[in-house]
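Student: Build me a model from this:
(2 chains)
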Amino acid sequence: MGCILIGFTNGYLSTFIVLRRNALLADGLAHALLPGLAVSAIFFGLNPFGLFLGALLAALLVVLGGKMISHNSRLKDDTSIGALYIFAFALGILLLKYSAVRIDLTHFLFGNVLGLSNMDLWLTYGISFTIVLSLTVLQRHLLLVIFDPTVARSLGIRVAWLDYLLIGLMVMAMISSLQAVGVVLSLGLLILPAATLYLLSDSYPTMIWGGALLGTTGAILGLLVSYWIDVPSGPSIVMVLSFFFLLAYLFGPKYGLVRKILKSSHLHEESLRRWKK
Amino acid sequence: MSNHRLIVKNLTVSYDRVPALHHIDLELSCGHCIGLLGPNGAGKTTLIRALANLIDKESGSIELKGHFESKLSPRISYLPQRSAVDWDFPITVRGMVEMGRFPELGAWKSFSAHDRSVVQEALSVTKLLALADRQINALSGGQQQRAFLARAWAQEAEVYLLDEPFAALDANAQSELQVLLHEMVRLGKLIVVSHHDLKSVPELFDRVILLNGELIASGTLAEAFTSENIARTYSVPAFTGEPR
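Tutor: Numbers count the residues shown, from 1 in each chain, chains lettered A, B, ... in the order given. Okay, here's the model as predicted:
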């Protein structure tokens, strides 16, 4: 159940991330979560709410710190955030090494959906509800900001604020997928569904709902696969989603590679048809 | 409708404390197509961005028929350069024009018959009805420009601010845009266009604003577009902070 919800929420959110071109930023954030997890594990043990707060703080520090550096120097924020997150990741590995609590690093990185506790589940419910609600309420404003930030700003919409909100939701989604698929693989659920739909669909509502559906399907199928052939759930979910992505990339009816290769003949037919009219 | 006025009082804008526009006073009335002229660095873009509420003002006020700044934003619409937008965004032309209704609708209100008719009107004024169900990535440069205008129309804007819209359009697209802008003026809109090609001014605009860091002249072509004013605008280099 938790996993289905995670698939749905992340898939829903993924459209906004892909259209906003935040996929690489999400990658950075996933790495940045590690020191936060380590520090909170040192202080609070493996309490999910402690981990949640630690990870959230670490991610926000990296993003805000990166924005601050880019604001006060000539660096652009891709560089400054890139520099900070890898620093944070290294720091996280060191902290985990020297922390008194024994934590298995692979558990954070790759997750284990069968290890979801009740508390984890409640956290997942809460986070999913928050994410879906915020995205639904703010959908129009977010779309304006994503499509045309300048005009959104001239309309008095707080573009920077919505950007931070989107990043905040992204971090929350990652944390909620932490136990199930792990930090790094949660990216698969945050990027692949919308990336696949973007290759298939020309309408953003289809992308949003299709992304959610694909995320859910991927989570369920991935779980089944991991159960059948006895592999960890995180990688198997990502493999299923990657398979769908590959299919869309190759065989998408409008933007697929195969279609592109065969396109010349199609164009010719179309022009012939017009000629006859 | 055409007696609405855009009133700019004592507007000063600066970047990092270096003023780019000094004490601009303007009074523009709707129903005109106004060319904003001046050399590079004269503050044309700055003035447009200030009117569009995109940059902070050092001093001064902008007013439209009694709406003060906080309320006038949907009435004054800024048309971005075409490259500012991702044309691969998965949306149709109609969907893009419908976005113009979002500020009015907020988060919850659903699309009403009125909203639909405003969108329809916007598409028909800009002659995009036939293309309404196309993807926006299938539009040509001139059509993209018209799609921006349609979205602004759907926003029920009175004032349209265009930053160099004629740049990088071919001759056909330019004349189409010109016809459309004149049609919008006829329907009572105020259009302000930054422009650098002085030769085409008389056919495009009925009024001009000459700018060079400060206001040189503003008025009808006969009043303001005189060789004396043009010489004053273009002969003095704009203040850039560099020693001369």
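
Student: use CA for all of it now, contacts and neighbours both
Tutor: Noted.

Student: Which parts of the chain are helices?
Tutor: I went with chain A, as the question did not name one. A:2-19, A:23-44, A:48-72, A:77-98, A:105-110, A:118-137, A:139-147, A:149-154, A:159-181, A:183-200, A:204-228, A:233-251, A:257-261, A:263-276 (DSSP state H).

Student: Hmm, no, I was thinking of chain B.
Tutor: Secondary structure of chain B (DSSP H): helices located at B:44-51, B:69-72, B:93-98, B:102-105, B:113-125, B:141-154, B:171-186, B:201-204, B:221-224, B:227-235.

Student: can you redo the ones you listed as CSV with distance to residue A:193, mean neighbour count and mean pLDDT?
Tutor: Formatted as CSV, the helices of chain B follow (distance: least, CA to CA, whole Å; neighbours: other CA atoms under 10 Å in any protein chain shown; pLDDT from 0 to 100):
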stretch, distance to residue A:193, mean neighbour count, mean pLDDT
helix B:44-51, 38, 22, 90
helix B:69-72, 39, 16, 51
helix B:93-98, 22, 23, 94
helix B:102-105, 26, 17, 86
helix B:113-125, 32, 18, 92
helix B:141-154, 29, 24, 92
helix B:171-186, 39, 17, 90
helix B:201-204, 48, 15, 89
helix B:221-224, 57, 14, 86
helix B:227-235, 55, 14, 86
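
Student: Point to the residue nearest the middle of the chain.
Tutor: No chain was given, so I picked chain A. Taking CA atoms, centre = their mean, the centroid of chain A lies closest to residue A:190, which sits 2.4 Å from it.

Student: sorry, should have said chain B
Tutor: Nearest residue to the geometric centre of chain B (CA atoms, centre = their mean): residue B:161, 1.1 Å.

Student: who touches the residue of chain B found nearest chain A in this structure?
Tutor: Residue nearest to chain A within chain B (CA to the nearest CA): residue B:90, separated by 4.4 Å. Residues counted as contacts of residue B:90 (CA atoms under 8 Å, 6 or more residues apart in numbering or on different chains) are A:198, A:201-204, B:135-136.

Student: Reformat those as TSV; add neighbour count.
Tutor: Formatted as TSV, those follow (neighbours: other CA atoms under 10 Å in any protein chain shown):
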residue	neighbour count
A:198	28
A:201	19
A:202	19
A:203	16
A:204	21
B:135	20
B:136	24
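
Student: Among these, which one lies nearest to residue B:39?
Tutor: residue B:136 (33.5 Å; CA to CA).

Student: give the contact list for that closest one.
Tutor: Residues near residue B:136 by CA under 8 Å, 6+ apart: B:87-93, B:96, B:144.

Student: Which pLDDT value does the model give the nearest residue to residue A:144 once chain neighbours are set aside?
Tutor: Once flanking residues are discounted, residue A:144 sits nearest to residue A:152: 5.7 Å by CA to CA, 6 or more residues apart in numbering or on different chains. Listed pLDDT for residue A:152 reads 90.

Student: And for residue A:152, the neighbour number?
Tutor: For residue A:152, the count of nearby residues is 21 (other CA atoms under 10 Å in any protein chain shown).

Student: ok, back up a step: of the contacts of residue B:90, closest to residue B:21?
Tutor: residue B:136 (36.0 Å).

Student: From residue A:198, how far off is that closest one?
Tutor: Using CA to CA, to the nearest Å, we find residue B:136 at a distance of 15 Å from residue A:198.
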